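Undergrad: from the sequence below, what's the structure:
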Amino acid sequence: MFKILAVDDDLCILELYKGMLAEAGFEVQTAEDALSAITKYQEFKPDLLILDVEMPAGGGEKVFDRLRNLFMVTIPIIFSTANPTSVKRYANFANVIVLKKPVDKETILSEIKRLLKAE
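TA: Okay, the predicted model is just below:
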């Protein structure tokens with residue numbers, strides 16, 4: 001079973017992710033800010049991250065930079081943001097997708113499966 005860490009400061013969105021991803025057969029944990037995302041990543045060891053861009057304590061970009069540059073981790077990452085152009089540069093990285101909020105269920109699930117090669 002693939003493990004996914006969803007990070008967003010909006011608790012309603014986290015609940016949606018938890019329900020939708022669990023229903024699709026994924027093990028899910030959540031974090032509400034960049035700091036707890038790094039801690040949860042180290043404890044949970046997820047196969048994929050869903051990151052909100054604008055959050056307290058640095059946001060999704062801080063989490064991305066810390067994982068990719070400090071820990072040298074190439075885990076697949078989906079940035080979910082209301083302003084995709086703010087993180088457009090990350091779309092050029094391997095295993096990174098930028099999706100515009102609100103993200104529909106079919107789109108995010110197909111992108112997760114594609115990134116995890118879990119057809």
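Undergrad: report the central residue of this structure.
TA: I50 (1.1 Å; C-alpha atoms, centre = their mean).
Undergrad: can you list the strands that the helix or strand where that one lies pairs with?
TA: Applying DSSP states H and E as the criterion places I50 in strand 48-52. When pairs are called by DSSP bridges, strand 48-52 turns out to pair with strand 3-7 (parallel), strand 77-81 (parallel).
Undergrad: who touches that strand?
TA: 2-10, 13, 17, 37, 41, 59-60, 63-64, 67, 75-81, 108, 112, 115-116 (C-beta atoms under 8 Å, 6 or more residues apart in numbering). Backbone N, C-alpha and C define where each C-beta goes, glycine included.
Undergrad: from those residues, which would you call buried?
TA: 2, 4-9, 13, 17, 37, 41, 59-60, 63-64, 67, 75-81, 108, 112, 115 (16 or more other C-beta atoms under 10 Å).
Undergrad: and the nearest residue to M20 once chain neighbours are set aside, how many residues sit next to it?
TA: In this structure, M20 finds its nearest non-sequential neighbour in K105, 5.6 Å apart by C-beta to C-beta, 6 or more residues apart in numbering. Look at K105: counted by other C-beta atoms under 10 Å, it has 12 neighbours.
Undergrad: give me the distance between K105 and V53.
TA: 20 Å (C-beta to C-beta, to the nearest Å).
Undergrad: check A24 too.
TA: From A24 to V53 the distance is 23 Å (C-beta to C-beta).
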